[in-house]
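Q: sequence plus predicted model, see below.
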Amino acid sequence: MSTVYKSVDGYPLKASCDEHLFQFRLTAWQHEPHSIEIMKGKQLMPRVVGLNEKELETLDILSMRGNKIMSDILYEGKSKIIYRGPNNESLIIRYKDTATAFNGEKKAELSGKGKLNAAISSLIYGYLAEHGVETHLIEVIDDATALVKKAEIVMIEVIVRNVAAGSFSKKYGVPEGTALKNTVIEFSLKSDELGDPMINESQITAIGLATEEELKEMTRQAFRINELLCALFAKTGIRLIDFKLEFGRYDGKLILCDEISPDSCRLWDIDTDKKLDKDRFRRDLGDVLDSYQDVLRRLQNVR
Ligand code: AIR
Ligand code: ASP
């Protein structure tokens with residue numbers, strides 16, 4: 001089957017679809033790149049097969065050749081690449097294999113990390129969504145790629161702690177592993193140049209990073225997410241020590257953005273205290289990917 005459609009940029013596209021092979025091709029004429037192919041994106045396929053024109057427009061940008069996304073890179077971070085989405089309300093996120101720590105000073109390529117984090121994060125976001133937490137995730141495109149809502153990121157990291165570890169232990173002299181009498185919420189300014197310094201609520205409102213209402217709402221959601229995640233991880237035999245959240249403004253609301261993965265959480269085995277998170281990389285403990293794989297397997301078993 002072959003039909004002519006217009007791409008979002010107005011270029012004529014020739015589309016052909018083989019339902020049985022679940023392969024889909026769009027050929028753009030007078031347009032670089034000349035050939036855009038979609039071979040993956042199992043979850044997109046049901047929509048593709050209908051060949052609805054609006055959906056084809058979407059696919060123009062979601063198109064992939066092999067593993068390469070044919071869309072403009074809007075931003076490349078330490079562990080993710082953000083591409084222009086199919087419309088103005090969405091973005092494409094690609095998880096990289098790069099591991100960084102200490103504000104990018106320590107860096108390594110861990111082949112497969114991107115896919116593991118993408119899988120863990122989408123599984124957790126699915127669970128949170130089922131429990132009423134609104135997240136930016138729209139759909140998984142492929143193993144390391146997701147379509148997300150284009151939210152305006154609040155330039156604050158929200159840190160939640162159940163057990164003393166990391167910078168908290170260092171700063172306040174509390175041994176790692178000490179249970180905290182109440183859940184701790186901290187905020188940091190999202191700034192690589194400044195090294196993500198801690199920032200308090202009056203400082204946040206004073207420089208206009210967020211309003212008082214937004215801070216209240218992020219705190220409320222952070223507590224709720226903590227309860228849900230503690231329960232989920234407990235079922236897998238994992239203790240949720242601490243984690244980092246990011247929020248974005250979308251449609252007049254604050255929604256959960258970025259990722260929740262072993263890169264952004266501290267996760268310890270309940271019985272052995274074995275670290276199953278990025279501290280394995282930060283502290284050269286070895287077995288980084290095996291541990292991430294273990295987290296994914298455990299989550300899959302309870303989901
Ligand atoms: N975190 C903070 N900035 C980036 C990340 N990933 C996460 C850490 C840890 C928690 O926030 O992975 O789970 C607290 O980090 P720290 O270093 O302040 O103890
Ligand atoms: N500061 C973050 C961490 O250590 C990320 C990074 O440094 O690249 O987790």
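A: Here it is on my side, so go on. Ligands and ions are numbered 1, 2, ... in the order given.
Q: C-alpha from now on. contacts and neighbour counts both.
A: OK.
Q: what's the neighbour count on residue 213?
A: Look at residue 213: counted by other CA atoms under 10 Å, it has 10 neighbours.
Q: phi, psi for it please.
A: The phi/psi pair for residue 213 (degrees, to the nearest 10) reads phi -60, psi -40.
Q: can you tell me the closest non-neighbouring residue to the residue nearest the centre of the chain?
A: Residue closest to the average C-alpha location in the chain (CA atoms, centre = their mean): residue 259, at 2.9 Å. Nearest residue to residue 259, sequence neighbours excluded (CA to CA, 6 or more residues apart in numbering): residue 121, at 5.6 Å.
Q: ok, and does whichever strand or helix holds the one you found reach over to ligand 2?
A: If you go by DSSP states H and E, residue 121 is part of helix 113-130. No: shown here: helix 113-130 not in contact with ligand 2 (CA under 6 Å from any ligand atom), separated by at least 13.7 Å.
Q: how far away from the center of its chain is that helix?
A: Its chain's C-alpha centre and that of helix 113-130 lie 7 Å apart, by CA atoms, centre = their mean, to the nearest Å.
Q: name the helices or strands packed onto the helix or strand following that helix?
A: As assigned by DSSP H and E, the chain's next helix or strand after helix 113-130 is strand 137-142. Applying 3 or more CA pairs under 8 Å, 6 or more residues apart in numbering; DSSP states H and E, one finds that strand 137-142 makes contact with helix 113-130, strand 145-149.
Q: where does the residue nearest to the centre of the chain land in three-state SS?
A: Secondary structure, DSSP: H, G, I helix; E, B strand; the rest coil: residue 259 is coil.
Q: ok, now the one 3 residues further on?
A: What three-state DSSP gives for residue 262 is coil.
Q: next one: residue 104
A: coil.
Q: quick one, grab the pLDDT at the nearest residue to it once chain neighbours are set aside.
A: Take residue 104 and drop its neighbours on the chain: the residue closest to it by CA to CA, 6+ apart is residue 78, 7.3 Å away. We have a pLDDT of 94 for residue 78.
Q: residue 78: neighbour count?
A: Look at residue 78: counted by other CA under 10 Å, it has 15 neighbours.
Q: longest strand in the protein, by number of residues?
A: Looking across the chain with DSSP state E, the single longest strand is strand 238-250.
Q: the inter-axis angle of it versus strand 145-149?
A: Angle between the axes of strand 238-250 and strand 145-149 is 50 degrees (criterion: axes from the mean of the first three to the mean of the last three CA atoms, to 10 degrees).
Q: just the mean pLDDT for strand 238-250, thanks.
A: Average pLDDT, strand 238-250: 98.
Q: residues of the stretch 51-200 of the chain that sit close to ligand 1?
A: Taking CA under 6 Å from any ligand atom, the part of the stretch 51-200 of the chain that reaches ligand 1 is made up of 159, 165, 166, 167, 168.
Q: the stretch 201-303 of the chain too?
A: Counting by CA under 6 Å from any ligand atom, the residues of the stretch 201-303 of the chain near ligand 1 are 242, 243, 244, 263, 264, 265, 266.
Q: so the last one: helix, strand or coil?
A: The one in question is residue 266. The three-state label given to residue 266 by three-state DSSP is strand.
Q: quick one: contacts for it?
A: Residue 266 makes contact with 240, 241, 242, 243, 275, 276, 277, 278, 279, according to CA atoms under 8 Å, 6 or more residues apart in numbering.
Q: that older thread, go through the helices and strands packed on strand 137-142 and find the least confident stretch.
A: Of all the helices and strands packed on strand 137-142, the minimum mean pLDDT falls on strand 145-149 (a mean of 90).
Q: now the element after that strand, going C-ward?
A: strand 152-153.
Q: right, and the helix or strand after that following strand?
A: Downstream of strand 152-153 (by DSSP H and E), the next one is strand 156-163.
Q: and that next one, what does it pack onto?
A: strand 179-189, helix 212-235, strand 238-250.
Q: give me the residue from the protein nearest ligand 2.
A: residue 103 (2.8 Å; CA to the nearest ligand atom).
Q: now do that residue, the pLDDT please.
A: At residue 103, the model reports a pLDDT of 91.
Q: check contacts around it.
A: Applying CA under 8 Å, 6+ apart, we find residue 103 in contact with 192, 195.
Q: neighbouring contacts of the helix holding residue 121?
A: Helix 113-130 is contacted by residues 79, 94-99, 134-135, 137, 140, 143-146, 225, 228, 259-263, 289, 292-293, 295-296, 299 when judged by CA under 8 Å, 6+ apart.
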